[in-house]
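**Q** A structural model of the following input is requested.
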Amino acid sequence: MTSQQILEKLVTFPVLGGDSNLEIINWIKDYIESFGVTTFLVPNEDYTKASLHCRIGPAVDGGVILSGHTDVVPVNGQPWNTNPFELIEKPDGNLYARGSCDMKGFLACCLSVLPKMVKAPLQKPIYFAFTYDEEIGCLAAQSLINHLKKSYIETPKFAIIGEASMLQPIIGQKSIHILDITINGSQGHSSRIKQEVSAVHEAAKIVLWAEEKMNSLIQISKDERFNPPHSSLHVGTINGGIAANIIANKATLSLDIRCLPKDNANQLHLDLLNFCAGREKLQQALFPGFKIDVVENHPIVPALNTHETSSAVNLIGKITGNYKWSTVSYASEAGHFANAGFESIICGPGSIKQAHRANEFISKEQLQKGTNMIENLVNVLENAI
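**A** Residues are numbered from 1 along each chain as shown. Model (predicted):
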């Protein structure tokens, strides 16, 4: 099967982040095993989802992991011109479907080259590592990595995470941390604003704290490789209150923190908790029931900070012809692989500009170039690296 034919199949599985992915992962499993390759499934606790990994080639150190995710983001409310879960080829040379770019295109490239992999006299192995729930916080990456490391006696050297980058090597990403904050204040008549504790007003103070914290970081910590070149704190949602003349007794907000690799996301979390504790101590004197709860929406997705002289950059250069690296401000599973000891880099077909939007597409040219990249990897691994 060609990469386009495989992609045509993969996009028919409407697996959103949080949904069961068993149907698509079992299709992938059956496809891989039809070539005589042993696969391993890594299920979640209730066996409704599973990651997959396998090895093609010899059990020797120094191999390359090819990693991607099987889930996609929702389409509800987006103005699609076609069925988002059907691959539509248009005269403009693009292939339209949800996940075509992010990132089933990369999976299709990997799977289409599998027949060549199993026949090639590989001197170093290739591993597939496909996850679930990447789109809601990279929730499966760590369990997959742990299982992969326990399953093989040898140790892979590289991890290529195939997020859309137009096949440019990406050596850095910011971490991401999302916190859901609930504020419990006291309800009352708006004329008593100084005798009650407004949850909405307290929410506003947290927004101002986040803005001031970000501005202070801009002054002391920058990395010009990134855009923006600083860590960011952003309140994306805020809700509370029922009427203008009623003091709000509840408010909620979500805080998105994206940290440079050199900044400490855990410390920012602690700084927020300390600020909230200070507000509680102050306002509980007025209303003893005042409380601010801070809950992780998902664990921290770690940053990626691969050095520009890493041999991973040289490897990508060999298989794409592109040695010019860049960085991104979005998060991916690359940080997890890097923290596990693999030289990690992001490189995949398609443009991130197409991800998460209506009428998502990958060009046929990029899909072919992605396939060529994997074929070139096979050629490189026929010799020791």
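
**Q** Would you map the helices across this structure?
**A** For the chain, the helices defined by DSSP state H occupy 3-10, 22-33, 104-119, 141-151, 199-220, 265-283, 311-320, 334-339, 364-381.

**Q** Mind putting the ones you listed into a markdown table with mean neighbour count, distance to residue 174 and mean pLDDT?
**A** The way it works is simple: take the backbone N, C-alpha and C, and place the C-beta from them, glycine included. A markdown table is the format used below for these (neighbours: other C-beta atoms under 10 Å; distance: least, C-beta to C-beta, whole Å; pLDDT from 0 to 100):
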| stretch | mean neighbour count | distance to residue 174 | mean pLDDT |
| --- | --- | --- | --- |
| helix 3-10 | 21 | 28 | 98 |
| helix 22-33 | 18 | 29 | 98 |
| helix 104-119 | 23 | 21 | 98 |
| helix 141-151 | 18 | 16 | 97 |
| helix 199-220 | 16 | 12 | 97 |
| helix 265-283 | 15 | 9 | 97 |
| helix 311-320 | 19 | 19 | 96 |
| helix 334-339 | 25 | 9 | 97 |
| helix 364-381 | 20 | 25 | 98 |
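
**Q** Turn the ones you listed into CSV, including distance to residue 228.
**A** Below are those laid out as CSV (distance: least, C-beta to C-beta, whole Å):
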stretch, distance to residue 228
helix 3-10, 34
helix 22-33, 36
helix 104-119, 27
helix 141-151, 25
helix 199-220, 8
helix 265-283, 16
helix 311-320, 24
helix 334-339, 19
helix 364-381, 27
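
**Q** For residue 237, find the nearest of those helices.
**A** Each of those was checked against residue 237 via C-beta to C-beta, and the shortest separation belongs to helix 199-220, namely 10.6 Å.

**Q** Give me the distance between the nearest residue to residue 345 once chain neighbours are set aside and residue 160.
**A** Distances taken as C-beta to C-beta, 6 or more residues apart in numbering put residue 312 closest to residue 345, at 4.4 Å, once the chain neighbours are dropped. Counting by C-beta to C-beta, to the nearest Å, the separation of residue 312 from residue 160 is 8 Å.

**Q** Next, work out how far apart residue 301 and residue 228 are.
**A** From residue 301 across to residue 228, the span is 18 Å (C-beta to C-beta).

**Q** Neighbour count: these two, which is higher?
**A** Each of residue 301 and residue 228 had its neighbours counted (other C-beta atoms under 10 Å), and the higher figure belongs to residue 301 (26 against 14).

**Q** The more buried one against residue 178, yeah?
**A** No - using C-beta atoms under 8 Å, residue 301 and residue 178 do not qualify as a contacting pair, with a distance of 9.2 Å.

**Q** Mutual contacts of these two, please.
**A** Here residue 301 and residue 178 have residue 137 as joint contacts, going by C-beta atoms under 8 Å, 6 or more residues apart in numbering.

**Q** For the closest residue to residue 103 other than its chain neighbours, list the residues it contacts.
**A** Nearest residue to residue 103, sequence neighbours excluded (C-beta to C-beta, 6+ apart): residue 68, at 5.1 Å. Applying C-beta under 8 Å, 6+ apart, we find residue 68 in contact with 103-104, 106-107, 110, 129-131, 161-163, 348.

**Q** JSON lines please, covering those and showing distance to residue 245.
**A** Shown next, in JSON lines, are the contacts of residue 68 (distance: C-beta to C-beta, whole Å):
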{"residue": "103", "distance to residue 245": "50"}
{"residue": "104", "distance to residue 245": "52"}
{"residue": "106", "distance to residue 245": "55"}
{"residue": "107", "distance to residue 245": "55"}
{"residue": "110", "distance to residue 245": "60"}
{"residue": "129", "distance to residue 245": "56"}
{"residue": "130", "distance to residue 245": "54"}
{"residue": "131", "distance to residue 245": "50"}
{"residue": "161", "distance to residue 245": "52"}
{"residue": "162", "distance to residue 245": "55"}
{"residue": "163", "distance to residue 245": "49"}
{"residue": "348", "distance to residue 245": "54"}
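
**Q** and which of the residues you listed is nearest to residue 284?
**A** For these, the residue nearest residue 284 by C-beta to C-beta is residue 131; the value is 43.3 Å.

**Q** So what sits opposite that closest one in the bridge?
**A** As for beta bridges, residue 131 partners with residue 69 under DSSP bridges.

**Q** quick one: it from residue 221, how far?
**A** Using C-beta to C-beta, we find residue 131 at a distance of 31 Å from residue 221.

**Q** of all the helices of the chain, which lies closest to residue 188?
**A** helix 199-220 (11.5 Å).

**Q** what angle sits between the closest one and helix 265-283?
**A** Computed with axes from the mean of the first three to the mean of the last three C-alpha atoms, to 10 degrees, the direction of helix 199-220 lies at 140 degrees from that of helix 265-283.

**Q** what are the phi and psi angles of the residue nearest to residue 228 when sequence neighbours are not counted?
**A** Computed as C-beta to C-beta, 6+ apart, the closest residue to residue 228 that is not its neighbour in sequence is residue 329, at 7.2 Å. In terms of degrees, to the nearest 10, the main-chain angles of residue 329 are phi -100, psi -10.

**Q** Start at 365, not 1
**A** Shifting the count to begin at 365 puts that one at residue 693.

**Q** quick one: contacts for residue 693?
**A** The neighbours of residue 693, taking C-beta under 8 Å, 6+ apart as the test, are 537-538, 590-592, 596, 622.

**Q** Quick check: it vs residue 682, distance?
**A** On the measure of C-beta to C-beta, residue 693 and residue 682 end up 27 Å apart.

**Q** what domains does the record give for this structure?
**A** The record's domain split for the chain, according to automatic domain parsing, is 367-536+668-745, 539-664.

**Q** Endpoint to endpoint, the longest one covers what distance?
**A** Taking C-alpha to C-alpha, to the nearest Å, the span from the opening residue of domain 367-536+668-745 to its closing residue is 21 Å.

**Q** quick one: that domain to chain centroid distance?
**A** With C-alpha atoms, centre = their mean, to the nearest Å as the basis, domain 367-536+668-745 stands 12 Å off its chain's centre.
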